[in-house]
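A.B. asks: pasting the sequence and the predicted coordinates here, then a few questions.
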Amino acid sequence: MSKNYLIGQVAKAARCKVQTVRYYERVGLLPEAARTEGNQRVYGQAHLDRLSFIRHSRELGFSLEQIRKILDLVDDPTQSCIEVDRIAKLHLKEVESKIRRLEGMRMELQRMISQCAGGHVTSCRIVESLADHSRCIADDHLIAPTLGQNDESSEG
């Protein structure tokens, strides 16, 4: 006999919040749970496995859309894994690009901080650099929004 979980139990087992479980269910990443006579959601092992898959994917920075595409492939096990590989490779390129931008930001911040003499704000090199982008080493050290930050819930 397989174990059943109430929403709080499945959330705890997957290391997330109840709101996250509801959100994933609402957006179709997690199948709807059965309901008890008292209208409580009841989840099975398959729900927990899928929720754990989603959570681990999110921890690795995959977007909800990337996860949705992978889960669509998982739902048809006869599919080739070529598409999953393509999604993972694309995500890796995004992560590597983000790392390069973060390294550039770190260098720029280190440079700005090292030029600060600790005097008054009116002559602060950090303030001057922040006010005048032409004082920066790189033309572009903007960072894209964190991948997957479009989750409605705070995962945790």
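C.D. replies: That came in fine, so what should we check first? Quantities reported herein were computed from a predicted structural model and do not represent experimental measurements.
A.B. asks: from now on I want contacts and neighbour counts done on CA atoms only, so please keep to that.
C.D. replies: Noted.
A.B. asks: how far does the helix or strand of the chain with the lowest mean pLDDT sit from the chain's center?
C.D. replies: For the chain, counting by mean pLDDT, DSSP states H and E, helix 125-131 ranks last in confidence among helices and strands (a mean of 83). Computed by CA atoms, centre = their mean, to the nearest Å, the chain-centroid distance of helix 125-131 equals 32 Å.
A.B. asks: please apply the same query to stretch 37-55.
C.D. replies: 21 Å.
A.B. asks: what is the mean pLDDT for it?
C.D. replies: The average pLDDT for stretch 37-55 rounds to 94.
A.B. asks: checking my notes, residue 101 in a helix, right?
C.D. replies: Yes: Residue 101 sits within a helix when classified using DSSP: H, G, I helix; E, B strand; the rest coil.
A.B. asks: so how far is residue 107 from it?
C.D. replies: As defined by CA to CA, to the nearest Å, residue 101 lies at a distance of 10 Å from residue 107.
A.B. asks: same check, this time on residue 83
C.D. replies: Residue 83 is 36 Å from residue 107, by CA to CA.
A.B. asks: confirm that residue 42 sits in a strand.
C.D. replies: Yes: assessed with three-state DSSP, residue 42 lies in a strand.
A.B. asks: quick check: it touching residue 7?
C.D. replies: Yes: counting by CA atoms under 8 Å, residue 42 does reach residue 7; the two are 6.7 Å apart.
A.B. asks: now the strands for the protein?
C.D. replies: For the chain, the strands defined by DSSP state E cover 5-6, 34-35, 41-43.
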